[in-house]
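>>> Here's my sequence, what's the structure:
(one chain, ligands or ions: 1)
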Amino acid sequence: MSQDLNDDGYVLSRTPREYERLRVQAERWAPFTDQVLARAGLGSGMSVLDAGCGPGEVMRLMGRRVGQDGVVTGVDIDPEVGAYGLKRLQGEEACNFNFHTADLLSGETVPGAPFDMVFCRFLLIHMDDPIAMVRRLAALTRPGGVLVAMDYVIAAALVAPPDPVLVRGIEIMNLTLAAAGRSLDAGARLASWFREAGLPMPHGTDLHGKMVVTYPDLQLAEGVAGFGPKAVRLGVATEEEIAALPDRIRAVAARGEHCYHSPTVGAAWTWVGNPATA
Ligand SMILES: C[S@@+](CC[C@H](N)C(=O)[O-])C[C@H]1O[C@@H](n2cnc3c(N)ncnc32)[C@H](O)[C@@H]1O
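Predicted coordinates:
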């Protein structure tokens, strides 16, 4: 499925370069994600699902928490990103990892369900109907288990001092998501999506931000490359602009004269069913 344009509406590319960008992005959010997993109650011996696992870096954190008596299952609609992640994990970590290729919205059961914890990060923002996905994830969580979601508040992104090339990079990502009908404030809407899906309001929430000097950070340039084909398809940018912009961003970023204030990440977790049965 290595391709630039996706029939399932996913706005990012499915290429080795984009898988690597996701992996590097995951490193940035690893400490916060691990803190959320701990606060949401992930512990030794549990079974946990990473929904839309991508290259599997959250599965790595989960594996360290559940240990060798636990099981970590990843599901992604893209078999190649799963294979890319699983190979690394099995070589580097001592835990029971499984990966299954599936469209989580299809309603098919996932081997190992129901799980003690179901988790998704940067998945709901890519959904036409995030509430339908929350319902589906709740159905995969055992009664008394916990559903955890983390997502971006994209509107928080900015660069200081403003530079036209860097600002255009941010704009292309925002406009592409908006043109695809995605919620730019996904991370702030998690609680309301839980509620609309019939779940209780979260019993835990958090929010985290990052600000980095643009050198040696490459996320903005790589992000534009990842969003590029869909940005062209949706009329947000021309092919010529997308071909040139990542290198132009890299050149400005290399000066190390700017700070990139990344989109912030919101987190929320809630019980599914009655916590008394946990
Ligand atoms: C932006 S990536 C995030 C990956 C990972 N969760 C992380 O935080 O690094 C979103 C992932 O969700 C997957 N995805 C999108 N729609 C899906 C669906 N309907 N069922 C399963 N996976 C899906 C994509 O293929 C992609 O790998």
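
>>> Roughly how far does residue 218 sit from the ligand?
Shown here: residue 218 relative to the ligand, a distance of 16 Å by Cβ to the nearest ligand atom, to the nearest Å. Where C-beta positions appear, they are placed from N, C-alpha and C, glycine not excepted.

>>> And the helix or strand harbouring residue 25, what's buried?
Counting by DSSP states H and E, the element that carries residue 25 is helix 16-39. Residues of helix 16-39 classed as buried by neighbour count (16 or more other Cβ atoms under 10 Å): 18-19, 21-23, 25-26, 29, 32-34, 36-37.

>>> Kindly provide the whole-number mean pLDDT of that helix.
Per-residue confidence for helix 16-39 averages out to 94 on the pLDDT scale.

>>> what's the burial count for residue 209?
When neighbours are defined as other Cβ atoms under 10 Å, residue 209 has 12 of them.

>>> hang on, it packs against residue 262?
Yes. If you go by Cβ atoms under 8 Å, residue 209 and residue 262 touch, sitting 6.9 Å apart.

>>> what sits in contact with each of these two?
For the pair residue 209 and residue 262, residues contacting each of them under the criterion Cβ atoms under 8 Å, 6 or more residues apart in numbering are residue 156.

>>> ok, now how distant is the closest residue to residue 161 other than its chain neighbours from residue 203?
Computed as Cβ to Cβ, 6 or more residues apart in numbering, the closest residue to residue 161 that is not its neighbour in sequence is residue 258, at 6.5 Å. With distances taken as Cβ to Cβ, to the nearest Å, residue 258 is found 39 Å from residue 203.

>>> who are the neighbours in contact with residue 92?
For residue 92, the residues meeting the contact criterion (Cβ under 8 Å, 6+ apart) are residue 60.

>>> please renumber so the chain begins at 48
Understood, numbering begins at 48; the last thing we discussed is residue 139.

>>> Quick one: the helices in the stretch 198-325 of the chain, in order.
211-226, 233-243, 266-280, 286-300 (DSSP state H, counting those that start in this stretch).

>>> What residues does the protein have near the ligand?
The interface of the chain toward the ligand, taken as Cβ under 6 Å from any ligand atom, is made up of 57, 59, 69, 73, 99-101, 104-105, 122-125, 128, 150-152, 168-170, 173.

>>> all helices for the stretch 48-197 of the chain, in order.
Secondary structure of the stretch 48-197 of the chain by DSSP H, counting those that start in this stretch: the helices cover 63-86, 104-113, 126-139, 177-186.

>>> Adding distance to residue 145, write those helices out as TSV.
Shown next, in TSV, are the helices of the stretch 48-197 of the chain (distance: least, Cβ to Cβ, whole Å):
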stretch	distance to residue 145
helix 63-86	18
helix 104-113	9
helix 126-139	8
helix 177-186	17
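
>>> On the pLDDT front, check the nearest residue to residue 161 once chain neighbours are set aside for me.
Using Cβ to Cβ, 6+ apart and skipping the chain neighbours, the partner closest in space to residue 161 is residue 189 (3.7 Å). Here the pLDDT value assigned to residue 189 is 97.

>>> Quick check: residue 189 touching residue 162?
Yes. Using Cβ under 8 Å, residue 189 makes contact with residue 162 at a distance of 6.5 Å.

>>> The two: which has the busier surroundings?
Summary of the neighbour comparison: residue 189 and residue 162, criterion other Cβ under 10 Å, with residue 162 having more neighbours (25 against 17).

>>> Starting from the ligand, give me the distance back to the more buried one.
Between residue 162 and the ligand the computed distance is 15 Å (Cβ to the nearest ligand atom).
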